[in-house]
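**Student:** Starting from these lines, generate the structure:
(one chain, ligands or ions: 1)
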Amino acid sequence: MFYVVLIILFVTIIISILFINNRYKHWQRRGIVGTKPTFFFGHLREFIMGKKNLAFVIDDAYKAFPEERFIGIFEFTKPNLIIKDPELIGDVLVKDFSYFHDRTIDPANTHRLNRHVGRLTGEKWNLVRTKLMPSFSTNKLKSMYSSMEQCCNILDSHLRNHLSHNDQVDVKEVLEKFTTDAVGNCIFGLEYDSLTNPNSLYFKISQQLFAVTPRLIIVTILRFVNPKFLKWFKISEVNPEVEKFFYNLLYHIEEFRKNKSFQRNNLAQTMLSIRDQEMEQNDKNKKIVLDNETIASNLYIMQSAGFETPATALGYCLYELALNPEIQEKVRKEIKDVREKNNGSLNFEALNDLVYMEMVLTETLRLYNPGNSFRRVCTKAWKVPNTSLILQRGDRITIPAHSIHHDEKYYPDPYKFNPERFSEENKINLKPFTFLAFGGGPRTCIGFKYAKMEMKLCLATLLTNYKISPCSKTEIPIVINPMTTQTQYDAKNGIWLRFTTI
Ligand code: HEM
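**Tutor:** Just a heads-up that it's a prediction; the model follows:
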């Protein structure tokens, strides 16, 4: 018996090895180049082992073939095409969007927060996105402005308090608290307390959303290998506490709503109003688009996407301003001039006049892109222009935003922080689809205008009140965390800076 088991095991191992090695010939058979995969892990060994941030893993493959328009890698045994040519990126994101409207072919339904705009596919995605879009219109952002100002004032008080006993600040943590509260206040119409309460549940949840835990590592591996495994093994992608939190949040928002004096015109309330209208219409043939599960899922994605990325961008922006005092002074002077022009205030419209600040933020997003790569999946056969290659339904695609942003073909001296790249005169020389911080095409970041408003108002508050400089704990260069979720570009040891009250 023992020998029979041994033989079966041996044959299984041999067949698996042959199968995997055959899989690794996938791109070669199609005439596509790429660096050599590691057995079983493909190109993800260093990322999964927590040794290299995914941005740098993709960058190694990107740089190995400078002249190629696309290259093949493997996520474990699954092939993934990295598109390097900005023109082709434009085809995928915009021109041929109807072939690439999804990020995954199989949104494994393993938890109750899965039905959000970032994960949904096809027509369902389109319906939900169309319902959510008006909540990020210019008018809606304008109506959020005073809540955002309030969040900035709380940030200012928090910093003053902190500075009374320590002038060194880990801006990463403080900004994550600020952006968490901003999502709660401006997008959900609730009073989050991350900055005022050291034991805030809201901040605890934000931290859990990106915590690298054994569960996350297993989920990440299974999603790369085959998302169906999650369904088969009944593994929830989301921590049960997080799932419970967002369903409770929905309940709280409903309760607030019953109070007539509470009429905040925010995304959460808008979703509930749409749900109620759909239910009132009571058309049995039409499925409700924004049911409770979809609403809770969207609260989840808005908090996840809405707190981490702007906090990352703002943190690195302050870091660069500390290292480049002349740029910091120029932004500060612009803020002062714009305030003076507007009788001392900085209203919603005046943010548009902060042109140099916008250049500084754009350069920060280029150099330290918080969403350092993003994905698409081919949904029907697509012939790659000017080649004989045909991508098939289910083929995975990566847009290597970090690598494009650091390619000297598009950005000379790419590691230098130089906001002038984005001045009116220089902007016209930029090649289309080489600035990809917010993605592109119909599936571009839904919150990018909100993020810009938030980042500008926050910077204006901080630079008006504080001079920011390096301190003994400031890392130069900063160490990027190798052990993060897929797209994070996190500072491993925080971002420490000195704040001096002006
Ligand atoms: C500096 C800040 C931000 C950056 C750099 C950023 C970056 C990105 C990127 C690269 C994508 C993928 C786009 C694509 O696939 O073409 C994305 C999607 C998305 N972002 Fe953002 N984001 C930011 C802020 C926000 C904020 C504040 C929110 C919400 C309040 C948000 C919500 C979303 C959502 C829901 C999606 C999925 C959209 C869809 O699939 O239709 N993001 N973001």
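
**Student:** any idea how far the ligand is from Lys204?
**Tutor:** For Lys204, the distance to the ligand equals 20 Å [C-beta to the nearest ligand atom, to the nearest Å]. All C-beta atoms are positioned from the backbone trio N, CA, C, and that covers glycine.

**Student:** Okay, and that residue sits in which element?
**Tutor:** Using DSSP states H and E, Lys204 sits in helix 201-209.

**Student:** before we move on, what about Met302?
**Tutor:** helix 292-323.

**Student:** Touching the helix or strand following that helix from outside, list them.
**Tutor:** The first helix or strand that comes after helix 292-323 along the chain, using DSSP H and E, is helix 325-341. For helix 325-341, contacts defined as C-beta atoms under 8 Å, 6 or more residues apart in numbering pick out 320-322, 345-346, 350, 353-357, 360, 417, 419, 459-460, 463-464, 467-469.

**Student:** near the ligand, which residues of this structure?
**Tutor:** Applying C-beta under 6 Å from any ligand atom, we find that the chain lies next to the ligand at 117-118, 129, 187, 301-302, 305-306, 309-310, 313, 365, 370-371, 374, 437-440, 443-448, 450-451.

**Student:** Contacts only, for whichever residue of the stretch 151-300 of the chain sits closest to the ligand.
**Tutor:** For the stretch 151-300 of the chain, the residue closest to the ligand is Ile187, as judged by C-beta to the nearest ligand atom, at 5.8 Å. Counting by C-beta under 8 Å, 6+ apart, Ile187 touches Ser135, Met144, Asn266, Leu267, Ala268, Met302, Gly306, Tyr450.

**Student:** Lowest-confidence entry in those?
**Tutor:** Minimum pLDDT for the contacts of Ile187 is recorded at Asn266 (86).

**Student:** Please name the nearest non-neighbouring residue to that residue.
**Tutor:** Once flanking residues are discounted, Asn266 sits nearest to Gly189: 4.2 Å by C-beta to C-beta, 6 or more residues apart in numbering.

**Student:** Tell me which helix or strand the one you found sits in.
**Tutor:** Judged by DSSP H and E, Gly189 forms part of no helix or strand.

**Student:** on that earlier part again, per-residue confidence at the residue of the stretch 151-300 of the chain closest to the ligand?
**Tutor:** Taking Ile187 on its own, its pLDDT is 93.

**Student:** Kindly report the same for the one 5 residues further on.
**Tutor:** Among the per-residue scores, Tyr192 holds a pLDDT of 93.

**Student:** Any chance of the backbone angles for it?
**Tutor:** When quoted as degrees, to the nearest 10, the phi and psi of Tyr192 stand at phi -70, psi 150.

**Student:** all numbers from here: first residue = 252
**Tutor:** All set: I'll call the first residue 252, so the last point we hit is now Tyr443.

**Student:** burial of it, as a residue count?
**Tutor:** For Tyr443, the neighbour count with other C-beta atoms under 10 Å is 26.

**Student:** How about Ile731?
**Tutor:** Neighbourhood size, Ile731 [other C-beta under 10 Å]: 17.

**Student:** What residues are bridge-paired with it?
**Tutor:** Ala742 (DSSP bridges).

**Student:** Point me to the helix or strand that includes Tyr254.
**Tutor:** According to DSSP H and E, Tyr254 maps onto helix 253-274.

**Student:** Beyond that helix, next helix or strand please.
**Tutor:** helix 277-280.

**Student:** per-residue pLDDT, the closest residue to Cys568 other than its chain neighbours?
**Tutor:** Nearest residue to Cys568 in three dimensions, chain neighbours excluded: Thr615, at 4.2 Å (C-beta to C-beta, 6+ apart). pLDDT, Thr615: 98.

**Student:** any idea how far the residue most central in space within the chain is from Gly698?
**Tutor:** Nearest to the mean C-alpha position of the chain, by C-alpha atoms, centre = their mean, lies Gly622 at 4.2 Å. Per C-beta to C-beta, to the nearest Å, Gly622 is found 11 Å from Gly698.

**Student:** Rounded mean pLDDT for the helix holding Lys455, please.
**Tutor:** 94.

**Student:** chain center to that helix, what's the gap?
**Tutor:** 16 Å (C-alpha atoms, centre = their mean, to the nearest Å).

**Student:** so how many other residues sit close to the residue nearest to Cys568?
**Tutor:** Thr615 has 25 nearby residues by other C-beta under 10 Å.

**Student:** So which bits of the lowest-mean-pLDDT helix or strand in the chain are buried?
**Tutor:** Using mean pLDDT, DSSP states H and E, the weakest-scoring helix or strand in the chain turns out to be helix 479-483, at a mean of 83. Residues of helix 479-483 classed as buried by neighbour count (16 or more other C-beta atoms under 10 Å): Phe480, Leu481.

**Student:** which helices and strands does the helix or strand following that helix pack with?
**Tutor:** The C-terminal neighbour of helix 479-483 among helices and strands, as given by DSSP H and E, is helix 491-509. Here helix 491-509 touches helix 452-460, helix 518-532, helix 543-574, going by 3 or more C-beta pairs under 8 Å, 6 or more residues apart in numbering; DSSP states H and E.

**Student:** returning to what we had before: I figured the residue nearest to Asn517 hits Gln520, correct?
**Tutor:** Yes - contact criterion C-beta atoms under 8 Å: Gly440 and Gln520 qualify, at 6.0 Å.

**Student:** which neighbours do those two share?
**Tutor:** Ile504.

**Student:** from the contacts of helix 576-592, which would you call buried?
**Tutor:** Burial by neighbour count, 16+ other C-beta under 10 Å: within those this picks out 571-573, 597, 601, 604-605, 607-608, 611, 668, 670, 710-711, 714, 718-720.

**Student:** picking that back up, could you give the mean pLDDT of the helix holding Tyr254?
**Tutor:** Mean predicted lDDT for helix 253-274 stands at 89.
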